[in-house]
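In: how does the following fold in three dimensions:
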Amino acid sequence: MDRSGTVGRKVLLCAFFVLAAAVPSLQAEEPAAEPFLLVEDPWPPYTLGESGHEVQQGLIVELMLELFQRIDQPLRLELYPWKRCIYMVRNRKADALMLTVKTVEREQFAYFPTPFFVNKIQFFHKRDSPFSWNEFSDLKGLTIGIVDGAKYSQEFQDAIVRYGLSVELVSSIEINLKKLQAGRIDITPVLDVVAASIIASDDGFAGEFAVAEKPLKVTPMQMAIGRSSRLMEYRDAVNAAIMEMKSDGTVASVYAKYVPQLSGP
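Out: Next up, the predicted model:
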């Protein structure tokens, strides 16, 4: 019998088992996938927290956490000024906006999955200064406060140019409401649930404002995925998960938790 052949086979078998035992260890040491970064500005009740920090909580925060758990992907959620959020997604510094309104301009750099729900953008005015409108031309001669970088609707953006509407840019909704309260602007467009949340959180705003009967826009609220982001590889899974969350009542339940004073989506 060739003992050298037997010894050789034993050596090979030992080597095989050593390598086989090492494989799980090597796999366990592989770095985890880089979390997807989603950004938004402080936007109660959708996002609660301070700009420049990780988000604390909020309506869209809970929905995003649930969504990414369902597609089994890691996630980071951070808050920045809105104009910077747009820049980050456009320039591959972030993967997506948590929640926004679709516009022609944004579609150039972002993909919009299935909407989570529908909200109204409404014109707020001082309660003691009556206001109504039917056409955008009715807004001529008024000073309109808008948030820098926000796109309320394509029609409104076009009307600003077409009718030479007077607009003043600020960095936040709260600043516009304070300017409105002080009489420094005439109207400001705000999403209904956002305005309700901000006004309810500040006793100084109580009873100060009224809403024009006609909304500026009834708009679907959607996340916006950067077209150059690797998150685009999961867009089908994202759409399927959102549809599932809507059909199983998750979206309505979270919505009602943060917006009890309004009807659900």
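In: stretch 135-142 spans what distance, first to last residue?
Out: Terminal residues of stretch 135-142 lie 13 Å apart, using Cα to Cα, to the nearest Å.
In: list the buried ones in that stretch?
Out: For stretch 135-142, the buried set under the neighbour-count rule, 16 or more other Cβ atoms under 10 Å, comprises 136, 139, 142. From N, CA and C alone the C-beta is placed, and that goes for glycine too.
In: quick one: mean pLDDT for it?
Out: Averaged across stretch 135-142, pLDDT comes to 97.
In: chain center to it: distance?
Out: Centre-to-centre, stretch 135-142 and its host chain are 30 Å apart (Cα atoms, centre = their mean, to the nearest Å).
In: quick check: residue 239 is in a helix.
Out: Yes. Under DSSP: H, G, I helix; E, B strand; the rest coil, residue 239 falls within a helix.
In: and it, what's its pLDDT?
Out: For residue 239, the pLDDT comes out at 98.
In: just checking, it touches residue 111?
Out: No. If you go by Cβ atoms under 8 Å, residue 239 and residue 111 don't touch, sitting 10.0 Å apart.
In: where does the stretch 1-150 of the chain have low pLDDT?
Out: Scanning the stretch 1-150 of the chain for pLDDT under 70 picks out 1-32.
In: and if you look at the stretch 151-265 of the chain?
Out: For the stretch 151-265 of the chain, counting by pLDDT under 70, the residues that fall below are 260-265.
In: okay, residue 239 and residue 111: which has more neighbours?
Out: Neighbour count, other Cβ atoms under 10 Å: between residue 239 and residue 111, residue 111 has more, with 19 against 12.
In: how many other residues sit next to the nearest residue to that one once chain neighbours are set aside?
Out: The shortest distance from residue 111 to any non-neighbouring residue, by Cβ to Cβ, 6 or more residues apart in numbering, is to residue 225 (4.7 Å). For residue 225, the neighbour count with other Cβ under 10 Å is 24.
In: let me know the secondary structure of residue 225.
Out: strand.
In: surely it meets residue 237?
Out: No. Using Cβ under 8 Å, residue 225 is not in contact with residue 237; the gap is 11.7 Å.
In: just checking, what packs against the host helix or strand of residue 179?
Out: According to DSSP states H and E, residue 179 maps onto helix 173-181. Packing contacts for helix 173-181, counted by 3 or more Cβ pairs under 8 Å, 6 or more residues apart in numbering; DSSP states H and E, involve strand 117-126, strand 143-147, strand 166-170, strand 188-191, helix 192-200, strand 209-211.
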